[in-house]
Each structure stands twice: as C-alpha cells, then as structure tokens.
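**Q** Mind looking at a prediction? Sequence and model below.
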Amino acid sequence: MSRRNFELYQQSISDEFRALKNRVRNIIGQNHWGEEGRYKEIILMNILNRFLPKHLSVGTGFVLCPEDKMTKQIDIIIYDNRFPLIFSEGDFVICSNQNVVGIIEVKTKVYIGQINEVIKKAHENGVLIGNHIFNGIFAYDNQFKLMAEEETSSRTLKNTLNEYYGYVNHISFGENFFIKYWDKPHKKFYSLYYIKKFSFPYFISNLVELSYCITTENNYIYNGIDNISNYLYSIESGKESYKFSEIEVGRVY
C-alpha cells in the first residue's frame, strides 16, 4: 500500500467521525443534549478500541492518585489492563494512577468562553495523575477562529495555555485544528496546525504511539512502530508544513 493510500485511509477516519457525530441529534432533537454528549464519548471509545493494543482498555470514571486524592470524573480513561482495577462495572472504572496511560476530555462543541474551563480541568487531572501520560481534549467541533493572532479566541487560547501548560499535550478542536505540546531542553511550546480532515486521525495516532511507548518502557524505534510510521502519520509533506502558529509557554507575555 502506498503512502498516499495511507493518507486517504486516515482521511476516512475523519469522514467516519463526521458521519456519526450528528446521527443521534437528528433523532432526539435538542431536548437531551446530555445524552448526546455521552454518545459522542462512546463513538470515540469504540474507535480507540480498534486501534489500541489489546493490553490497553478504555473506560470512563475516576483515577485514584497519591495521598488518596481523586481526580474529577474523566470522560475517557485509557489504562493498562494488566494491572488490577480498584473498581469496575461495565465501562465505568476507578483505577490507580499507576496504570493510567491516557485521559481524554470529550466535547461535542467548544465555544470561546469554554476554552479556559476545558483546559483547566484537563490540566488539574493531569497534575494529580502525573505528566507521563497522554492528556488530550477531543472536540468534534469548535465555534471560534484560531488562525488570526488578533482574534479574541487566539488570545484566550494563548493566555490559557501559558497558565495551564505541561500536562495537556494533545488537543483536537474539530477535524481541522490540531495542537501538540513540545517540551524541548531550552523551550516549551504548543504548535498549532491547520490540517484539513487530519486532526482526528493525528490525535488517535499520537495516542497509539505514546501509549505504546509508555507501556513498553522502551523507545518505539527499537520496537517496530517505526515500521508503520507512514500509516500513523501519513501526510506526505509532514504535519509541520501545516503549522500556522506557535505558543511558547512558561514565560510572561
């Protein structure tokens, strides 16, 4: 299979999300949006179960952390099922921070006034669990603009990420906007990408790669994932060619 075929395959993942996301709303209308939100979580959970290694499971619930501290409820928890759970009933789990590989907050749509609240919650959960996990925010759609520096939403995002940085490391704001955190020796920053129809699959691919690295405790290059890198990251020119902004964090603006 050629690289271009991988690219089309990755785009089909975004197409699948788009096809599924409004199905329930079209049936139930506007009176039960809470249930619609739960449906959106289930869509993502089901898709993750297809891609993640079998020693990882996906649930929803809480994480017990050191000093008997408990996280707020987390929409999606990715955990290593080789470790015992504290509680499990269906897909609801309470697990230790020791077997958490990733957490995801799922939103149907994010508005400008919600940016701070959503990132703050994910950040605070990440602080309790520890920073060696995938900590993501997955929004099916967004109601703001990011590509112009003068936009209020861009300033809000910059200020929020500068206040709550280092724990939230992957954000998908709709199918086109993807944000990734980088912790370099002399610089910490978030890269913002406009990758049409690739935000969703790149979010999943980063989760697959990072979860594999965490649970094998080895560099992925020596464990075979490099052999499928064209599948995980299929844009021929690379996502860096779609980077439109960078937010350096850890300093005063």
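**A** Yep, that arrived.

**Q** Which residues are in contact with residue 79?
**A** Applying Cβ atoms under 8 Å, 6 or more residues apart in numbering, we find residue 79 in contact with 56-57, 59, 85, 93, 95, 99-101. For every residue, glycine as well, the C-beta is placed using N, CA and C.

**Q** roughly how far apart are it and residue 122?
**A** 17 Å (Cβ to Cβ, to the nearest Å).

**Q** One more: residue 10?
**A** Counting by Cβ to Cβ - residue 10 and residue 122 are separated by 25 Å.

**Q** Of the contacts of residue 79 - the most surrounded one?
**A** Within the contacts of residue 79, residue 100 tops the neighbour count with 26 neighbours, counted by other Cβ atoms under 10 Å.

**Q** Tell me who's in contact with that one.
**A** Contacts of residue 100 (Cβ under 8 Å, 6+ apart): 63, 77-80, 129, 133.

**Q** Packing partners of the biggest strand by length in the chain?
**A** Longest strand of the chain, by residue count under DSSP state E: strand 56-65. Other helices and strands packing on strand 56-65, by 3 or more Cβ pairs under 8 Å, 6 or more residues apart in numbering; DSSP states H and E, are helix 33-51, strand 69-70, strand 74-80, strand 92-96, strand 100-107, helix 115-129.

**Q** what's the angle between it and helix 33-51?
**A** Inter-element angle recorded for strand 56-65 and helix 33-51: 120 degrees (by axes from the mean of the first three to the mean of the last three Cα atoms, to 10 degrees).

**Q** what sits up against strand 56-65?
**A** 41, 45, 48-49, 52, 70-81, 86-88, 91-97, 100-101, 103, 125, 128-130, 211, 215.

**Q** chain center to it: distance?
**A** 15 Å (Cα atoms, centre = their mean, to the nearest Å).

**Q** helix, strand or coil for residue 132?
**A** Following DSSP: H, G, I helix; E, B strand; the rest coil, residue 132 is assigned to coil.

**Q** So what's the residue count around the nearest residue to it once chain neighbours are set aside?
**A** Once flanking residues are discounted, residue 132 sits nearest to residue 214: 6.7 Å by Cβ to Cβ, 6 or more residues apart in numbering. Neighbour count for residue 214, taken as other Cβ under 10 Å: 17.

**Q** you'd agree residue 214 is up against residue 135?
**A** No - with contacts defined as Cβ atoms under 8 Å, residue 214 does not count as touching residue 135, sitting 12.0 Å away.
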